[in-house]
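Asker: what shape does this take:
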Amino acid sequence: MSFLDRFSRPPSPHIAPVGTQAASRLAAIHATAFARPWSTLEFERLLGERNILGDGLFIGRAALPAGFILSRVVVDEAEILTVAIAPLERGKGHSRLLLTAHLDGLSRLGIRKVHLEVEDGNLPALALYRRLGFREVGRRVGYYLKSDGSRVAALTMALDL
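Answerer: Purely as a prediction, here's the structure:
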């Protein structure tokens, strides 16, 4: 660290693409957010597909993401596959920054509609999605298995870009 670094403000959180090199970090973050986490291998396979777009949330000068979002693109539609933020960064508004930047990137690619699924009862995620204009279009009863063995519905949502 140089003398001047002590007085400069760290860079703001920023969004940048993530690839297979980040797979183990994404798997670690995912494991903190979901009852059935995806493995490093699953992330490597997904990120290796041409139609998968991944964006990471980078805090300050960090080389590894503190959050991420992955989408699958098919023609002019996209499906958000997963979104997760590291526990220490939750509740700071980073999800909104990550999601809006990702949606902007999808729009620039010509995507007209975005779909996603969210666990019924995930109030922070539902509030964010609704604030950004997503609307509920369906429900899958008992879709998600929770860590305690119970099941909860998945809400399907869509957004026209």
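
Asker: make sure E117 is actually in contact with A158.
Answerer: No. Counting by Cβ atoms under 8 Å, E117 stays clear of A158, with 10.6 Å between them. All C-beta atoms are positioned from the backbone trio N, CA, C, and that covers glycine.

Asker: what's the single longest helix in the protein?
Answerer: Ranked by number of residues, the top helix in the chain under DSSP state H is helix 94-108.

Asker: tell me which other helices or strands that one touches.
Answerer: Counting contacts by 3 or more Cβ pairs under 8 Å, 6 or more residues apart in numbering; DSSP states H and E, helix 94-108 is packed against strand 14-17, strand 52-58, strand 67-74, strand 77-85, helix 123-131.

Asker: got a list of contacts for it?
Answerer: In this structure, residues lying in contact with helix 94-108 by Cβ atoms under 8 Å, 6 or more residues apart in numbering are 13, 15, 53, 55, 57, 59, 66-69, 71, 73, 78, 80, 83, 85, 114, 124-125, 128, 131-132, 159, 161.

Asker: please pick the buried ones from those.
Answerer: For the contacts of helix 94-108, a burial check counting by 16 or more other Cβ atoms under 10 Å picks out 13, 15, 53, 55, 57, 59, 66-69, 71, 73, 78, 80, 83, 85, 114, 125, 128, 159, 161.

Asker: spit out the contact partners of A31.
Answerer: Here A31 is in contact with P37 (Cβ under 8 Å, 6+ apart).

Asker: tell me the spacing between it and E136.
Answerer: 28 Å (Cβ to Cβ, to the nearest Å).

Asker: which residues of the chain score low on pLDDT?
Answerer: Along the chain, segments meeting pLDDT under 70 span 1-11.

Asker: and if we set it to 80?
Answerer: Counting by pLDDT under 80, the chain has low-confidence residues at 1-11, 147.

Asker: start to end distance for stretch 62-80?
Answerer: Its first and final residues considered, stretch 62-80 spans 25 Å by Cα to Cα, to the nearest Å.
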